[in-house]
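Q: Requesting a structural model of the entry that follows:
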Amino acid sequence: MEADDLAFAGVAKQAELMAAGSISSVELVQTSLDRINRHDGLLNAFRLTAPEEALAAAAEADRSRSSDSGPLHGVPVAIKDDTDVAGYSTRYGSNATTETPKSEDAELVKRLRSAGAILVGKTNVPELTQWPFTETDAFGVTRNPWNPSLTPGGSSGGSAAAVAAGMVPVALASDGGGSIRIPAACAGLFGIKPQRGRVPIAPKTDAWFGLSVFGPLARSVEDAAIFLDAIADRPAGEAPYRECLVPPPAGLRIATSVKPPIPGPVGDEQKQAVSNIAALLGRLGHKVSQSDPNYGLTIPAFVIRYLRGIAKDAAATADPERLEARTRARARGSRLFGDRALDWSMRAEVGITAGIGRLFGEYDLLVTPGLASQPLPIGRYAGRGATWTFNGVARFTPFTAPWNLTGQPAVSVPAGFDRDGVPLAVQIVGPANSEPLLFAISAQIEAELPWADRRPSLTP
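A: Residues are numbered from 1 along each chain as shown. Below is the predicted model of the structure:
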């Protein structure tokens, strides 16, 4: 297999080739490192790489391979730079943090290592993971492999760029308001925001007051399932997600909606992507109809936690005065929402979730646009203030945040390409604890509308 074909083969195929003895983990990790060396000067997906450590771990993986090896044994993965990896700093995209190495892996990193994953580096994020684009004073601009003049999204922008460019087959991401689903949509990937509490966040004890969760960005549904199986706490008796990739029963009740939860335009191509997926689902035997969720006070309750979460993270940095001016202003803006407002948001969640959840009494799934427009141009909000930027990006990504407040799972599914060859996507939302159904419907769509064989055209 040619090196580029191997790089884009995906987790399942790479693991299969290693199990058959066709390739070694050292070869696979070296392929990953070679692509990083070749393309990251342009894309800036990685904040740091660890080639010596990764190759040493790969050599050990080759020596220790057995029939009991984990599902990610010898496979290179990338870790988002909001997650602790022993021996390396966690910088959150900021000059206000330090290069002090962490003494211990985060719990989910421990689980990835236990599954056999080889960690090749940490990926770039916007400062304090707060924006749906990845541009920082500290570590520069991260670009979209499909069009380097566009953002790969955020806050998991580095992870998305790394996977889309074939630097790694899968990467860790996190999602506090869409930060898995937004970059997945920008970069033509599959991403799943799991149910709140499904993946451990330790050593963190809270992440944006319950908004933020961790999950994978991958080229295929199967690769994401393998990764999530390695880090998730599934309910007792629930089958591994990789076993859920079978067509769901025909006749699922599926709602579609292109109405955003806040006023603002939605692009024609985004609407058409929803129509196309709806038509496909109808041909597959599902019952598809239009129905708008009752978003109610979802967005106000979300914004309070989002702002307070950023302010809490800003205060916890080593030197808050070195934060970007926009971040300092955003942290100050949280003062508009005191403890009473935060308490209201926390208490109101049950009622808000019940209100928006009535849709799932009538439907099994909801399909919305992934984004309200195509990926933002690089520098769109450079030099802009916090309020201007927040108002702008809220209209770019209105469909994702409600489900962080409710905590239920949602996925971003590729839905073709626009006239310029930039990916399109839809979001599919399920009721609480519906990851198996989301994996099943996503795999069914992928079988009919395959996307993983498409690769961005990067200069060799």
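Q: got the end-to-end distance for stretch 361-378?
A: 41 Å (Cα to Cα, to the nearest Å).
Q: In it, which residues are buried?
A: 363-376, 378 (16 or more other Cβ atoms under 10 Å). Backbone N, C-alpha and C define where each C-beta goes, glycine included.
Q: Show me which pair in these is furthest apart.
A: Greatest spacing in the buried residues of stretch 361-378, by Cβ to Cβ: Asp364 and Ile378 (38.7 Å).
Q: Need the three-state assignment for Ile192.
A: Three-state call for Ile192 (DSSP: H, G, I helix; E, B strand; the rest coil): strand.
Q: Can you report how many residues neighbour it?
A: Residues lying near Ile192 (other Cβ atoms under 10 Å) number 32.
Q: Same question for Arg63.
A: With other Cβ under 10 Å as criterion, Arg63 counts 8.
Q: isn't there a helix covering it?
A: Yes - counting by three-state DSSP, Arg63 is part of a helix.
Q: Val120 versus that one, what's the distance?
A: 19 Å (Cβ to Cβ, to the nearest Å).
Q: Could you give the number of residues near the residue lying closest to Gly140 once chain neighbours are set aside?
A: Counting by Cβ to Cβ, 6 or more residues apart in numbering, Gly140 lies nearest to Asn44, which is 5.3 Å off, once chain neighbours are set aside. Neighbour count for Asn44, taken as other Cβ under 10 Å: 23.
Q: where does the stretch 301-450 of the chain have low pLDDT?
A: Within the stretch 301-450 of the chain, not a single segment meets pLDDT under 70.
Q: can you map out the strands along it?
A: In the stretch 301-450 of the chain, the segments counted as strands under DSSP state E, counting those that start in this stretch are 365-369, 410-417, 423-429.
Q: In terms of helix, strand or coil, where does Pro183 fall?
A: Pro183 is classified as helix under three-state DSSP.
Q: so what's it up against?
A: 132, 152-157, 159-160, 173, 189, 191, 217 (Cβ atoms under 8 Å, 6 or more residues apart in numbering).
Q: quick one, what contacts His330?
A: No His there; residue 330 is Arg. With Cβ under 8 Å, 6+ apart, Arg330 has these contacts: Gln130, Leu307, Ile310, Ala311, Ala314, Ala386, Phe390.
Q: Would you mind measuring from it to Gly309?
A: Taking Cβ to Cβ, one finds Arg330 at 11 Å from Gly309.
Q: what residues do the two have in common as contacts?
A: With Cβ under 8 Å, 6+ apart as the test, Arg330 and Gly309 reach no residue in common.
Q: ok, back up a step: Serialize the contacts of Arg330 to a markdown table and add fields for neighbour count and distance to Gln270.
A: Output for the contacts of Arg330, formatted as a markdown table (neighbours: other Cβ atoms under 10 Å; distance: Cβ to Cβ, whole Å):
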| residue | neighbour count | distance to Gln270 |
| --- | --- | --- |
| Gln130 | 30 | 23 |
| Leu307 | 24 | 27 |
| Ile310 | 22 | 27 |
| Ala311 | 19 | 32 |
| Ala314 | 22 | 33 |
| Ala386 | 21 | 26 |
| Phe390 | 20 | 21 |
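Q: on that earlier part again, just the closest of the buried residues of stretch 361-378 to Leu28, please.
A: Looking across these and measuring by Cβ to Cβ, the closest to Leu28 is Pro375, at 29.5 Å.
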